[in-house]
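# This is the structure alone, sequence omitted:
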């Protein structure tokens, strides 16, 4: 015999949604400042008890996963505003500049996620943003603007690696944050240039 | 009053050295297969008890640190054989090919280290290999073969990022390991080309 699940009233469901939303907002903010932020700190910032957090997220890993998913969804929505039509190189430059703001803002959260989630899960969570970059890179390849001797996923990975290199170099004190976007763009546009062609700029 | 430290006999010191060496060799091998290898597994592979391991390395983090230091020292020594004179592009291609073998061989060990050591410590342990790449990149810049509009440390970081991208792409099943070295070289040589110049190849 199965025990019937108690039905929550609409009011209680709305309360739970508000509570989850407050917890995730606090988790994104706290982990973006400190990758080691604890569940207690996040609960405090969200104005709820630890028990409430654990009621929604059974352990810290689940909370980090949900926080990263939320940050990526918000970032992905923000990138909808980037104009991706016209010259593929200029479109890529615009996309890199906007994406870099997000990578820079959320790098500590990403570090937290890398500490507890398998790489495959982090990749899956990025599927939306990756598909957007892939579409643009493929169009540039089809138009002969970007090299086609290397695969589309490889070029997308190179762009992300170069952005993460910028984050590392800033953390190591070797790169002025104000110059990061131009260093990334200059590197990626050269890396995407076909052998025998001139590097733009 | 201080208690005098017991002097170990030369024979006992030699025993301890052999024991440390066997533990580190086992640690490098085990962590290169599985980043989560435990102290017990490593002790077993080294043919010693866990207590002996803990006698030399008080915790797993110390052991991972020492294993990474050993792998880097051995890799750095192996790279002494790479001919770095002559055309900077060809020298860089040779250095990338040999370095890639090491990155590929030790990527699981590096992952283990990234899980327990701060990024600054991992960077410090790589100081020797990084200095070697830096010397070659700087010479290429001085000779006008590599771009000078981006800093030497930035270009060195880009080369390392592109190599780690190859490891990630192989793990994700999107890159044939046999093509990795050529993808890395093609990308790095293009990325190092000055604006207005033709990408080699």
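All right, it came through fine. As the structure is a computational prediction, the values presented were derived from the model and not from experiment. Numbering: from 1, shown residues only, chains lettered A, B, ... in the order given.
# Give me the contacts around the helix or strand of chain A with the lowest mean pLDDT.
The weakest-scoring helix or strand in chain A, judged by mean pLDDT, DSSP states H and E, is helix A:119-125 (a mean of 90). Contact with helix A:119-125 is made by A:65, A:68, A:69, A:72, A:110, A:113, A:114, A:130, B:168, B:171, B:172, as judged by CB atoms under 8 Å, 6 or more residues apart in numbering or on different chains. The C-beta positions use only the backbone N, C-alpha and C, and glycine is treated the same way.
# Can you add secondary structure and neighbour count and give these back as JSON lines?
Shown next, in JSON lines, are those (DSSP: H, G, I helix; E, B strand; the rest coil; neighbours: other CB atoms under 10 Å in any protein chain shown):
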{"residue": "A:65", "secondary structure": "helix", "neighbour count": "18"}
{"residue": "A:68", "secondary structure": "helix", "neighbour count": "25"}
{"residue": "A:69", "secondary structure": "helix", "neighbour count": "17"}
{"residue": "A:72", "secondary structure": "helix", "neighbour count": "21"}
{"residue": "A:110", "secondary structure": "helix", "neighbour count": "21"}
{"residue": "A:113", "secondary structure": "helix", "neighbour count": "24"}
{"residue": "A:114", "secondary structure": "helix", "neighbour count": "17"}
{"residue": "A:130", "secondary structure": "helix", "neighbour count": "18"}
{"residue": "B:168", "secondary structure": "helix", "neighbour count": "16"}
{"residue": "B:171", "secondary structure": "helix", "neighbour count": "15"}
{"residue": "B:172", "secondary structure": "coil", "neighbour count": "13"}
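# Show me which residues of the least confident helix or strand of chain A are buried.
residue A:125 (16 or more other CB atoms under 10 Å in any protein chain shown).
# Below-threshold pLDDT in chain A: ranges please.
Within chain A, the segments meeting pLDDT under 70 span A:1-7.
# residue boundaries of the helices in it?
A:10-33, A:39-46, A:50-56, A:60-78, A:88-116, A:119-125, A:127-142, A:152-171, A:180-191 (DSSP state H).
# How far away from the center of its chain is the third one?
The reference is to helix A:50-56. The chain centre lies 25 Å from the centre of helix A:50-56; the measure is CA atoms, centre = their mean, to the nearest Å.
# List the buried residues of stretch A:69-82.
A:69, A:70, A:71, A:72, A:75, A:76, A:79.
# now, which of those residues sits nearest chain B?
Of all those, chain B sits closest to residue A:72, with 17.6 Å by CB to the nearest CB.
# Which residues of chain A lie near chain B?
A:114-115, A:119-120, A:123, A:147, A:149-151, A:153-154, A:157-158, A:160-162, A:164-165, A:168-169, A:171-172, A:174-175, A:183, A:186-188, A:190-201 (CB under 8 Å from any CB of the partner chain).
# Now with 7 Å, please.
A:119, A:123, A:149-150, A:153-154, A:157-158, A:161-162, A:164-165, A:168-169, A:171-172, A:174-175, A:183, A:186-187, A:190-191, A:193-201 (CB under 7 Å from any CB of the partner chain).
# returning to what we had before: got TSV for the contacts of helix A:119-125, with distance to residue A:37 too?
Formatted as TSV, the contacts of helix A:119-125 follow (distance: CB to CB, whole Å):
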residue	distance to residue A:37
A:65	14
A:68	13
A:69	17
A:72	18
A:110	14
A:113	12
A:114	15
A:130	26
B:168	26
B:171	28
B:172	29
